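**Q** How does the following fold in three dimensions:
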Amino acid sequence: MERKTKFLLFLFLLPAVVALGLYAYYFSAWNFSISTTDARSLIFPAKFIGLANYERFLVDPVFGTVVKNTITFTLLFMGGTLSLGLFLAILIDQGIKGEKLYKVIILIPMAMPMVISGVLWSWMFSPRMGVINSLLITLRLDFLTQPWTTSTSQALFCVIIAYIWVFTGFVALLYLANIRSLPNEHSESARVDGASKFQLYRRVIIPQLKPATVMAVAILFLNSLAAFDLVWTLTMGGPAGSSDLLGTLMYKQTFQWNFFGYGAAIAQIMFLISVVVMVPYLWRSVRR
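**A** Model (predicted):
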């Protein structure tokens, strides 16, 4: 019976294992092989050039801007999403009426396709007919109107705001689930000792939210590194590359300018960054 059960489990797991193997290993190896060529098409033969595409990335004039944008985006996106998510989780944990409805509402941005979110935020940030500027004009605060996504100094921050809006609800529910799963003994002891609600969350509850934080950081980091569709819909990496990230640079090089080998090298660099950062992070988190 045990042998039969193990065989059935193996059959159920086999499709997922095969799919993961193809995605994680075969296609990664295929992408790396393309990155070592001067491919301008996936049909015609390409010349092997070794690591020249990787060297090209390091000396590319846009290298500094893209790396700076990606780091800025990652840090502000993760910090803002974690902070707002925790804040919302604490608010919902107060036992407010309509809790289920609020949970659904804050998850709507996550459930929407990224392209739709990008279109919505482009309407919000449009300098001429956008919701934000129109509202400011209606309130006779014309002096506060901004160029938003058409400004080289503001476009990246518009993208960050949009991404925070998308992921905050998901992070809030992660934290809320962690809070609700905590044992009551420590909280009750703190209440008996006269701790206020603020002290209770700060000194007792928040320090115990490591599981949710570890998971949230991992998910947010990987999504920040792979950010593309919302950025492309909102700014297309512009103006003048001011909101270009690794994902948008890879897309431009591959599909706009047909440098398939160079685009594959950028994709491989993104993959290596995710492995180098996430494997030690998750390993240390699990060991602790």
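
**Q** Give the helix, strand or coil label for residue 239.
**A** Following DSSP: H, G, I helix; E, B strand; the rest coil, the label given to residue 239 is coil.

**Q** Got phi/psi on it?
**A** Dihedral angles of residue 239 (phi, psi; degrees, to the nearest 10) stand at phi -80, psi 140.

**Q** okay but it is in contact with residue 153, surely?
**A** No: using C-beta atoms under 8 Å, residue 239 is not in contact with residue 153, being 10.0 Å away. Yep, even glycine has a C-beta here, placed from its N, CA and C like the rest.

**Q** Tell me who's in contact with residue 163.
**A** With contact taken as C-beta atoms under 8 Å, 6 or more residues apart in numbering, residue 163 is in contact with 73, 77, 81, 223-224, 227, 230.

**Q** okay, among these, which ones form the most distant pair?
**A** Spatially, the most separated pair among the contacts of residue 163 is 81 and 230, at 13.5 Å (C-beta to C-beta).

**Q** quick one: which of these two has more around it?
**A** residue 81 (27 against 23; other C-beta atoms under 10 Å).

**Q** Among the contacts of residue 163, which one is most surrounded by other residues?
**A** residue 81 (27 neighbours).

**Q** any idea how far that residue is from residue 224?
**A** Distance of residue 81 to residue 224, computed by C-beta to C-beta, to the nearest Å: 9 Å.

**Q** before we move on, what about residue 124?
**A** 21 Å.

**Q** check contacts around the spatially closest residue to residue 142 that is not a sequence neighbour.
**A** The shortest distance from residue 142 to any non-neighbouring residue, by C-beta to C-beta, 6 or more residues apart in numbering, is to residue 136 (6.7 Å). Counting by C-beta under 8 Å, 6+ apart, residue 136 touches 142, 144-145.

**Q** dump the residue contacts of residue 186.
**A** Residue 186 neighbours (C-beta under 8 Å, 6+ apart): 204, 208.

**Q** What strand or helix carries it?
**A** Assigned by DSSP states H and E, residue 186 belongs to helix 185-192.

**Q** For the contacts of residue 136, give me CSV that also has neighbour count, pLDDT and secondary structure.
**A** Output for the contacts of residue 136, formatted as CSV (neighbours: other C-beta atoms under 10 Å; pLDDT from 0 to 100; DSSP: H, G, I helix; E, B strand; the rest coil):
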residue, neighbour count, pLDDT, secondary structure
142, 10, 87, helix
144, 11, 86, helix
145, 16, 89, coil
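
**Q** Can you tell me which of those comes closest to residue 206?
**A** Using C-beta to C-beta, these come closest to residue 206 at residue 144, 35.1 Å.

**Q** distance of the closest one from residue 154?
**A** 13 Å.

**Q** neighbours around residue 70, how many?
**A** By other C-beta under 10 Å, 22 other residues sit near residue 70.

**Q** for residue 265, that is, sorry about that
**A** Using other C-beta under 10 Å as the criterion, the residues surrounding residue 265 number 26.

**Q** same check, this time on residue 195
**A** Neighbour count of residue 195, defined by other C-beta under 10 Å: 16.
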